[in-house]
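Undergrad: Any chance you can model this:
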Amino acid sequence: MYGTPDKIFALQMRDDPRRPADAGEELDHATFTVTPAIVGKGIEKQFSLYKEALAEYEREPALV
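TA: Numbers count the residues shown, from 1 in each chain. Have a look, this model is predicted:
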């Protein structure tokens, strides 16, 4: 399932865990977790940002 950050956050904050309509009776008390993930072209973007940050660090290491 895909969604905007706002929609994913709203699902994570819900108090009423939902079950799929076709899951069956054995899942009546099951809870589900929404886990945000970066997929598709978003992975490329994240690696690009990582490479930029690494290059910046190599030019001028942060004082720790």
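
Undergrad: May I see the buried residues of the helix or strand of the chain at the bottom of the mean pLDDT ranking?
TA: Lowest mean confidence among the helices and strands of the chain (mean pLDDT, DSSP states H and E): helix 5-13, at a mean of 80. Applying a neighbour-count criterion of 16 or more other CB atoms under 10 Å, the buried positions in helix 5-13 are Ile8. For the C-beta atoms, the positions are set from N, CA and C on the backbone; glycine is no exception.

Undergrad: I would like the residues contacting it, please.
TA: Helix 5-13 is contacted from outside by 3, 34, 36, using CB atoms under 8 Å, 6 or more residues apart in numbering.

Undergrad: By neighbour count, which of the residues you listed wins?
TA: Val34 (14 neighbours; other CB atoms under 10 Å).

Undergrad: can you pull the contacts of that residue?
TA: 8, 11-12.

Undergrad: Could you pull out the strands in this protein for me?
TA: Assigned by DSSP state E, the strands in the chain number zero.

Undergrad: pLDDT weak spots in it?
TA: The model of the chain has pLDDT under 70 over residues 1-2, 16-33, 62-64.

Undergrad: if we go to 80?
TA: 1-3, 8, 11-36, 61-64 (pLDDT under 80).

Undergrad: Please enumerate the helices of it.
TA: Using DSSP state H, the helices found in the chain span residues 5-13, 41-59.

Undergrad: Thanks a lot, see you next time.
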